[in-house]
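*Asks:* Predicted model follows, preceded by the sequence.
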Amino acid sequence: MKVTQEKLEQSRIGLKIEVTGDQTTKYYEQSIKKLTTSASIPGFRKGKIPRQVILQRMGQAQIKAMALEALLEPAINEAIKQAEVPAIGNYQITSNFDDLLLSYVPGQNLIFDAAVDVPPVVSLGTYTGLAIKAEEIVYDAAQVEDFIDRQRREKATIIPVVGRAAQLDDIAVVDYKGKLADGTPIEGAQAEDFDIELSDGKFISDLVNGIVGMSIGDTRDVNVVFPADYPREDLAAQPALFNVVLKDLKARELPSLDDDFAKEASDFDTLTEYQSSTATRFQEQAKKSTDQNIINAIETALIDIATADLPETLIERETMNILNQMANQFSQYGMDVNKLFTRETIPKMKENCRTDAINNLKQQLAIEEIAKKEGIVVSDEDLAAKMSEVLPQLVGQDIDENRLRGFITEDLQKEKTLEWLKEHANVELVPEGSLKPADDESAQGESEAIDILAEAVAE
């Protein structure tokens, strides 16, 4: 077999393959033999049909087509092996089948063309000294106070309210009925003996404020305007009237903020230790979030400095990875994935995910290339430590340890490379929230996944 190679666009290798006459004869004769044992021709027993009858009844064109179909796949596989082509996807025959059929003569050499995807080569711009902006998450001491207050509320004792009207932070037990401004009852807006926590964000704010000041046994009509972002679109921003009967009133009695509370809410013996530990945790979280913002900014910057002629095989694989992640997210939300991901929605979803898939691949290739250039490797000790951390979590599962080791090595190398880039970057920390508009335009995550699905379903 003679094989010549040609570099094509989109990281593909073109192959011109010349199959010898011995092979063209071999597959032609195999096709005839197969027909003599499998064909059904009146007047002849199956497996006992003479060769000449097969040729007459089936025709040489049909036999040649069978032979050609049988020949092409092993010929391409052998050519890829012989030429040592690092194929990463299925091959594609680029010659016209009908033309090949016309040129196919048993006993004579046959030449045809094919193409196969190969790993792309990435070109990098300057990656040291990357100038990036990242939001700095600053520790706020008020977080500690808010956290401990929530802990106190969780451990509060619920007591009846006697002798006063409803106040904010009370728990009101009410019957209510809601109707629109035109008098139409609102479906689902009726309840009896319903607990409403009179706090911001716990219920419709107009209704909460309307209940404040009521006494047990009072009945009141409360004017309400549903929030513009209300989950039910038919009610969003709509005016309504709620008839409310206050049947009971309760309040939370918070535990004293002392050492006894600290012992109940934590593993510490004193309130000072508990507060100090909580403050340290929030400080560490703020630093970790800032560091992650820097890493995210570096990953985004890599997209701009990396150039690669990506093969469709890799783009398709990464697109499907994104869709699988989306499916897992929706499944966790309790959605029926089989109804959301259909023949009609998937093509549009794949189209919308394509840019993200390309950017993910460029980031991955850039990180791998930088690791290679800078000699960033994962030590045996680091790999062993991570394996010993992960394996206990997978007890009872059927796993391939070699594949797991490969995945972990890849993740550790990525972490080390991104940390190296962080150490060599020019980072400008900016206030939290100042980059949100830019981030939102390129956001990747569950909000984008939901938008993609919504758009696909709508169309």
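*Replies:* Received it, and whenever you're ready, just let me know what you need. Owing to the predicted nature of the structure, the values given are computational and were not obtained by experimental measurement. Residues are numbered from 1 along each chain as shown.
*Asks:* What segments of the stretch 251-400 of the chain are helices?
*Replies:* Using DSSP state H, counting those that start in this stretch, the helices of the stretch 251-400 of the chain run over residues 259-265, 271-305, 312-332, 337-340, 345-374, 380-390.
*Asks:* Could you save these as JSON lines and add columns showing mean pLDDT?
*Replies:* Output for those, formatted as JSON lines (pLDDT from 0 to 100):
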{"stretch": "helix 259-265", "mean pLDDT": "95"}
{"stretch": "helix 271-305", "mean pLDDT": "96"}
{"stretch": "helix 312-332", "mean pLDDT": "91"}
{"stretch": "helix 337-340", "mean pLDDT": "84"}
{"stretch": "helix 345-374", "mean pLDDT": "94"}
{"stretch": "helix 380-390", "mean pLDDT": "93"}
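*Asks:* lowest confidence element among the helices and strands of the protein?
*Replies:* None of the helices or strands of the chain scores lower by mean pLDDT, DSSP states H and E than helix 436-441, at a mean of 50.
*Asks:* residues of stretch 131-151 that come out buried?
*Replies:* Ile132, Lys133, Ala134, Glu135, Glu136, Ile137, Tyr139, Gln143, Val144, Ile148, Gln151 (16 or more other Cβ atoms under 10 Å). (C-beta placed from N, C-alpha, C; glycine too.)
*Asks:* For the fourth one, grab phi and psi.
*Replies:* The one in question is Glu135. Per-residue torsions, Glu135: phi -70, psi 130 (degrees, to the nearest 10).
*Asks:* Would you map out the domains in the protein?
*Replies:* 2-119, 157-253, 265-458 (automatic domain parsing).
*Asks:* Just the ones of the buried residues of stretch 131-151 in strands?
*Replies:* Those of those mapping onto strands are Ile132, Lys133, Ala134, Glu135, Glu136, per DSSP state E.
*Asks:* State the pair within those residues that is farthest apart.
*Replies:* Farthest apart among those by Cβ to Cβ are Ile132 and Glu136. That separation is 12.5 Å.
*Asks:* Look up how far Glu410 lies from the one residue sitting closest to the centre of the chain.
*Replies:* Residue closest to the average C-alpha location in the chain (Cα atoms, centre = their mean): Gln325, at 3.2 Å. Noted for Gln325: a distance of 17 Å to Glu410, by Cβ to Cβ, to the nearest Å.
*Asks:* Residue ranges in the chain under the pLDDT threshold?
*Replies:* 38-50, 52-54, 56-57, 436-459 (pLDDT under 70).
*Asks:* Which strand runs longest in it?
*Replies:* Assignment by DSSP E; longest strand in the chain turns out to be strand 239-253.
*Asks:* Pull out the CA atoms of that strand and give them to me as PDB.
*Replies:* Extracted C-alpha coordinates of strand 239-253, given in PDB (Å, rounded to 0.1, in the frame of the first residue of the first chain):
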ATOM      1  CA  PRO A 239     -52.000  45.000  41.100                       C
ATOM      2  CA  ALA A 240     -54.100  42.800  43.400                       C
ATOM      3  CA  LEU A 241     -56.200  42.800  46.600                       C
ATOM      4  CA  PHE A 242     -55.700  40.300  49.400                       C
ATOM      5  CA  ASN A 243     -58.200  39.700  52.100                       C
ATOM      6  CA  VAL A 244     -56.300  38.700  55.200                       C
ATOM      7  CA  VAL A 245     -57.500  37.300  58.500                       C
ATOM      8  CA  LEU A 246     -54.900  37.300  61.300                       C
ATOM      9  CA  LYS A 247     -55.600  34.100  63.300                       C
ATOM     10  CA  ASP A 248     -52.500  33.900  65.500                       C
ATOM     11  CA  LEU A 249     -49.200  35.600  66.100                       C
ATOM     12  CA  LYS A 250     -45.900  34.100  67.100                       C
ATOM     13  CA  ALA A 251     -42.400  35.400  67.700                       C
ATOM     14  CA  ARG A 252     -38.900  34.100  68.000                       C
ATOM     15  CA  GLU A 253     -37.100  34.300  71.300                       C
END
